[in-house]
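Novice: Fold the following.
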Amino acid sequence: MSKRFTDITIWERPWFRKLPGVKKLILKYLFDRCDRAGFLEIDEDRMWFELNIKPFDKPFEGLKDVEIRNGWLRITDFCEFQYPGGLKENDRAHMGVIAKLMKMSSIFEGASKTLPRPFQGCKDKDKDKDKDDKGESEGGDKVFEAFWKAYPAKKGKANAIKAWKKLKCDRIGDLIIAAAERQKTWPEWKKDGGQFIPHPATWLNRAGWEDEPHLKDGDVASSLSTYELKTKLDVIRVKWDQNKDDARWRQSEEGKKTRADMTRLTTKLREV
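Specialist: Residues are numbered from 1 along each chain as shown. Now for the predicted structure:
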């Protein structure tokens, strides 16, 4: 995310005022470096390098609203502050955030609390040892069958079921199904009778529900509002920001496409 809200009232909080200057800087760094759901994989060597300060022990000690587990860091109030209206399950700009919160809820117990109502409580259900496993399986099967019905390429169902269960996709089934319904209208999926539609298992394993359409020259209709153009650009920028440090990804077809899409939308916005 290229721009974020900042909490100016933090300077009024005693715990923050008492922090050494270097820890105030580290907190700001974490806020800027975390992903759009408030998570950051800890890499102290990189942090010291980018901040250009001498390493010291326990750099995150004393930082409130920061939780650390299994090599990951979470800013606990990030989503509440960045999305004051709450996350919307049908908002395309929020889908990736919801998916990340669902994924990380297995590490951070509080992550699921910021999810939209339909997704809340999933982690508690997972940890309930006394629930009826058969009933859960049947429920998951129903959600998968709804996905299978929506997905246009009926290939490799057994592999798709394995991927679905491995990723626990029934947690965000509505989001995945909505993405499949949307993507099957894309020109590249309709091309040559749909022969370029990825197999369902492949699509699931690479979190295809987070994909955005490849924008070619002229694809962005002149009738789109400035807000809609900015929303599309923000979604693509998030994808770029999350992967740009991976040199292999930048040189991949997906990386090049993402950069080209950013350029086209930026140009289009200047023309509006």
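Novice: What helix or strand is Met74 located in?
Specialist: To be clear, residue 74 is Arg; Met isn't right here. strand 72-75 (DSSP states H and E).
Novice: Which strands border that strand, and is each parallel or antiparallel?
Specialist: Sheet pairing here is set by DSSP bridges, and for strand 72-75 it gives strand 39-41 (antiparallel), strand 66-69 (antiparallel).
Novice: can you list contacts of the last one?
Specialist: For strand 66-69, the surrounding residues in contact (Cβ atoms under 8 Å, 6 or more residues apart in numbering) are Leu27, Leu30, Ile42, Phe60, Leu73, Arg74, Ile75, Thr76, Ile107, Phe108, Gly110. (Each C-beta comes from the backbone N, C-alpha and C, glycine too.)
Novice: now those residues in a markdown table, with pLDDT and distance to Glu271?
Specialist: Below are the contacts of strand 66-69 laid out as a markdown table (pLDDT from 0 to 100; distance: Cβ to Cβ, whole Å):
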| residue | pLDDT | distance to Glu271 |
| --- | --- | --- |
| Leu27 | 93 | 39 |
| Leu30 | 94 | 37 |
| Ile42 | 93 | 42 |
| Phe60 | 93 | 45 |
| Leu73 | 94 | 40 |
| Arg74 | 94 | 40 |
| Ile75 | 93 | 37 |
| Thr76 | 89 | 41 |
| Ile107 | 87 | 44 |
| Phe108 | 87 | 43 |
| Gly110 | 76 | 44 |
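Novice: Kindly indicate the member of the residues you listed with the most neighbours.
Specialist: Sorting these by how many neighbours each has (other Cβ atoms under 10 Å) puts Arg74 first, at 24 neighbours.
Novice: would you turn the strands paired with strand 72-75 into TSV with mean pLDDT?
Specialist: Output for these, formatted as TSV (pLDDT from 0 to 100):
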stretch	mean pLDDT
strand 39-41	94
strand 66-69	93
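Novice: closest to Gln82 out of those?
Specialist: strand 39-41 (12.6 Å; Cβ to Cβ).
Novice: Asp246: neighbouring residues, count only.
Specialist: 11.
Novice: check contacts around it.
Specialist: Gly255 are the contacts of Asp246 under Cβ under 8 Å, 6+ apart.
Novice: before we move on, what about Leu233?
Specialist: Met262, Leu265, Thr266, Leu269.
Novice: Most neighbours of all those residues, which one?
Specialist: Most crowded among the contacts of Leu233, counting by other Cβ under 10 Å, is Leu265 at 22 neighbours.
Novice: quick one: what helix or strand has the residue nearest to that one when sequence neighbours are not counted in it?
Specialist: Spatial nearest neighbour of Leu265, excluding adjacent residues (Cβ to Cβ, 6 or more residues apart in numbering): Leu233 at 4.3 Å. Element membership of Leu233 [criterion: DSSP H and E] is helix 226-243.
Novice: Greatest separation within the contacts of strand 66-69: which pair is it?
Specialist: Leu27 and Ile107 (20.9 Å).
Novice: circling back: following the helix holding Leu233 in sequence, what is the next regular element?
Specialist: Next in sequence after helix 226-243, counting helices and strands by DSSP H and E, comes helix 247-251.
Novice: Just want the most central residue of the chain.
Specialist: With distances taken as Cα atoms, centre = their mean, the residue of the chain nearest its centroid is Gly96 (3.0 Å).
Novice: which residues does the residue nearest to it when sequence neighbours are not counted contact?
Specialist: Using Cβ to Cβ, 6+ apart and skipping residues adjacent in sequence, the residue nearest Gly96 is Glu210, 5.0 Å away. Glu210 makes contacts with Met95, Gly96, Ala99, Ala179, Lys239, as judged by Cβ under 8 Å, 6+ apart.
Novice: what does the helix or strand where the second one lies rub up against?
Specialist: Pointing back at Gly96 there. Following DSSP H and E, one finds Gly96 within helix 92-104. Contact partners of helix 92-104, identified using Cβ under 8 Å, 6+ apart, comprise 35-37, 39, 72, 74, 79, 83, 87-89, 111-112, 114-116, 119, 122, 168, 171-172, 175, 179, 207, 209-210, 231, 234-235, 238-239.
Novice: coming back round to it: what is the subsequent helix or strand relative to the strand holding Arg74?
Specialist: Following strand 72-75 toward the C-terminus (DSSP H and E): helix 78-82.
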